[in-house]
Structure formats: C-alpha cells, structure tokens
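S.K.: With the input below, show me the fold.
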Amino acid sequence: MSTNQAPRASSSDSWLAALLLIVSALGLGCTPSTAPRPTPVQDVEVARSADPSQFHLVSSGAEYTCGLRGGGLVACWGNGASGQTGAPSNARFKQIHAGPNHACGVLADGSIACWGNDPEGQVSRPNSDQRKDYKQVTAARDHTCALRADGSVVCWGMYEPRGFSEDSKSTPIPSGDGSIGFVQLSAGYAHTCGLHANGTIACWGRNGMTPSPEANHDLVQISAGGHHTCGLRTDGSVSCWGESEWDAAASPNGNDFTHVSAGYEHTCAVRLDGSILCWGAEHGPNTDSQRDAAVLVSAGFMHTCALTVDRDLQCWGHNRFGEATPPVVGEASRRPNEHW
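M.R.: Okay, the predicted model is just below:
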C-alpha cells in the first residue's frame, strides 16, 4: 500500500478567492440548509483553464487513473495492459470516466471516444450513432452509457442479466418517469444508475438496485460502485445502498458533504471544509489532515484520487502499477505494458 500526494501549488489570495467563488457557484461550498440544489459534479469538470499543469477532473479505474488537464487534454496512468491508458493524444475533451478496464470521454464537439478492453463491444460505439449532443459518458465493466442534451440515455455493450441489442449494440434506457429526463449517470462494476431532474434515480444491470421509494428522493449527485450505490442529498447528507462485505454501502453520519464517490469496496465523500471521509475496505487512511482541501474525490478499485482547490491531484492506496502516482506536466498517457 502506498500513499502519493501531488506537491502543493502556491496560490495568491486572489486566485484562491476566485476558486472559492467557482466552488460556491456550483453549490459545492454552500451551507446545505440554505444552498440551492448543487450541480452534479460526478465526472464533470468543475472549472476550466488552458493551463496544462492543472487538472479539472480525475476518474479512478481498476488499476489505472485518468485526469482531464487544462485545455481539454487527457492523461491516463497505471496498468495499461488492455489499452485503458491509451487516451487519444491530441483530442480535446469536456468530460471523462475511467471504468474497470476501459475509459470514455465526451469530446469538445459533443461526440464520444472510448479506449481499452472491448470484449463485449463496450468501447465500440455504434457506427450509426453520429450524434454530437452528448453531455456525459460513464463506463462499467462490460457496457457504456451516455447522456444526451435532451436527457435521454443510450447504452452499448452488454450488461447482466440481459444484453443490449446484438444488432446495434445500442439500447436507449427509458426515463421511467414520463417526460422527466436524466441529468447525470454513474456506472459501477456491472450496473448503471441515472439521476432524474426531480431528484429520483433509476438503475439497471446486475446489482443495479434502485433505493426504496421512501429513500428515492432529494438526490443531487449519485455514484455507482462495485455492488453498491451512493447519493448526495439536498440537505448535504449521503445515503448508500446495495451490497458490500466491507460496509462500503453504509451511510455516514453528517449533513456537510458536497460530493460522494463509490469505489469497488470502499466509498469516499468530500465535506464542506474540503476534508475527505472514506469508509469500507481500507486502501489508505480514512482521513488525512495533511491533504489539501478537496473539490471532488474519485474512488477506484483499491486506490483513491482527489482534486484539490489548487487543481492538483492527490492520490493514495494501492500503487502497484503507478495508478496512485499522477504524472507531471509533459508526461502523456502511458501505453499498454508501460508501467510506472
């Protein structure tokens, strides 16, 4: 087990103030009792600049990690044996997600690119789908789902207990609530969940259990993990449900959370003060006062990475393939079999 932290970046008071204004505008730094419903931040960039030394998004996969840099470039590092660290080198992205063994991203023009393991067609988006109105994409083990601007969802690949269309490798997922579309998606190991605009969610795939009716309300951000799912509520509390041998599906106390991420057998959440609480299987310390204040966190298989207010990445946990060692400026994605 190894803990790796990116070096702290120096910031002027004005730069920090600007960042805090951005966080506050997104509902990430407001008092839960008075804040409007925050914008979902799961796998969505928080702010953007052209500075390639800054990260704006991080997504932890099984034994690798991908980050979105300033200017829209993607860097991936860790185990690239299946091509999952081979992100397109010159493409510009708006959003990315690292699944267990493949990753996908929404390009600047609204189209989608995927790379990595593809035994079930989870990387091979249907050729007939040339739309460029995608807002988000999320990757599970054997399938991929993407959210369109109109709130509809399309998926390709295979999920249990039944697969998508063998002819098109693509099946739209019904909203399940009339005209109320989705505003965010999150794929776990073998299930995917979608957040409706009314604060309820629907899940599909193996272990894709939707919460009970009395718990399925007031959700503003969701995260699907190994065999469990968690959601952030309007009051700043976090609720989790599903299965876990290590209590990763337990719901933490408190209502001061701003972001939650469900890993394979552990879960982490960011608090209002930028600290991080993790529970479930231990892959590094549950709390660490030495970490910089975080904006969002991404829990992977056995490692975790956080994006700080200074747009650094700090990672901890298992590091066999360098998945918890973010690259420095100038280092591109690692190709298959090029381990750190």
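S.K.: can you give me the strands for the stretch 201-340 of the chain?
M.R.: 201-205, 219-224, 228-233, 238-242, 257-262, 266-271, 276-280, 294-299, 303-308, 313-317 (DSSP state E, counting those that start in this stretch).
S.K.: Just send these back as CSV, with mean pLDDT, mean neighbour count and distance to D51 too.
M.R.: Backbone N, C-alpha and C define where each C-beta goes, glycine included. Formatted as CSV, the strands of the stretch 201-340 of the chain follow (pLDDT from 0 to 100; neighbours: other CB atoms under 10 Å; distance: least, CB to CB, whole Å):
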stretch, mean pLDDT, mean neighbour count, distance to D51
strand 201-205, 87, 22, 35
strand 219-224, 97, 26, 26
strand 228-233, 96, 27, 29
strand 238-242, 95, 22, 32
strand 257-262, 97, 28, 23
strand 266-271, 96, 27, 23
strand 276-280, 95, 22, 24
strand 294-299, 96, 27, 16
strand 303-308, 96, 28, 14
strand 313-317, 95, 25, 14
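S.K.: can you tell which of those strands is closest to S212?
M.R.: Closest of these to S212 is strand 238-242, at 7.9 Å (criterion: CB to CB).
S.K.: what lines up beside the closest one in the sheet?
M.R.: Applying DSSP bridges, strand 238-242 is found paired with strand 228-233 (antiparallel).
S.K.: Run through the neighbouring helices and strands of the helix or strand S59 falls within.
M.R.: Assigned by DSSP states H and E, S59 belongs to strand 55-60. Packing partners of strand 55-60 (3 or more CB pairs under 8 Å, 6 or more residues apart in numbering; DSSP states H and E): strand 64-69, strand 93-98, strand 294-299, strand 303-308, strand 313-317.
S.K.: and A108, which of the strands of the stretch 201-340 of the chain is closest to it?
M.R.: Of all the strands of the stretch 201-340 of the chain, strand 303-308 comes closest under CB to CB, at 20.2 Å.
S.K.: Would you state the helices of the protein in chain order?
M.R.: When assigned using DSSP state H, the helices of the chain occupy the ranges 13-25.
S.K.: which sections of it are below the confidence cut-off?
M.R.: The model of the chain has pLDDT under 70 over residues 1-48, 127-128, 159-180, 207-208, 284-290, 329-340.
S.K.: that older thread, let's have the helices and strands packed on strand 55-60 in TSV, adding distance to C145.
M.R.: Shown next, in TSV, are the helices and strands packed on strand 55-60 (distance: least, CB to CB, whole Å):
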stretch	distance to C145
strand 64-69	17
strand 93-98	10
strand 294-299	18
strand 303-308	22
strand 313-317	26
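S.K.: of the ones you listed, which approaches D256 most closely?
M.R.: Closest approach to D256 among these (CB to CB): strand 294-299, 13.3 Å.
S.K.: Just want the angle from that closest one to strand 313-317.
M.R.: 40 degrees (axes from the mean of the first three to the mean of the last three CA atoms, to 10 degrees).
S.K.: partners of strand 294-299 in the sheet?
M.R.: Partners of strand 294-299 in the sheet, by DSSP bridges, are strand 303-308 (antiparallel).
S.K.: Give me the distance between the strand it pairs with and the centre of its chain.
M.R.: Taking CA atoms, centre = their mean, to the nearest Å, the mean C-alpha location of strand 303-308 is offset from the chain mean by 11 Å.
S.K.: Run the angle between it and strand 266-271 for me.
M.R.: Interaxial angle, strand 303-308 versus strand 266-271 (the same axes, to 10 degrees): 10 degrees.
S.K.: Dump the C-alpha coordinates for strand 303-308 into CSV.
M.R.: The C-alpha trace of strand 303-308 is given here as CSV (Å, rounded to 0.1, in the frame of the first residue of the first chain):
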residue,chain,number,x,y,z
HIS,A,303,-6.9,3.4,-4.7
THR,A,304,-8.4,6.9,-4.5
CYS,A,305,-7.6,10.3,-6.0
ALA,A,306,-8.8,13.7,-5.1
LEU,A,307,-8.9,17.0,-7.0
THR,A,308,-7.8,19.9,-4.7
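S.K.: Enumerate residues external to it that contact any of its residues.
M.R.: With CB atoms under 8 Å, 6 or more residues apart in numbering as the test, strand 303-308 has contacts from 6, 46, 55-58, 60, 65, 67, 261, 263, 266, 268, 270, 274, 276, 278, 283-284, 291-298, 313-319, 323-324, 326.
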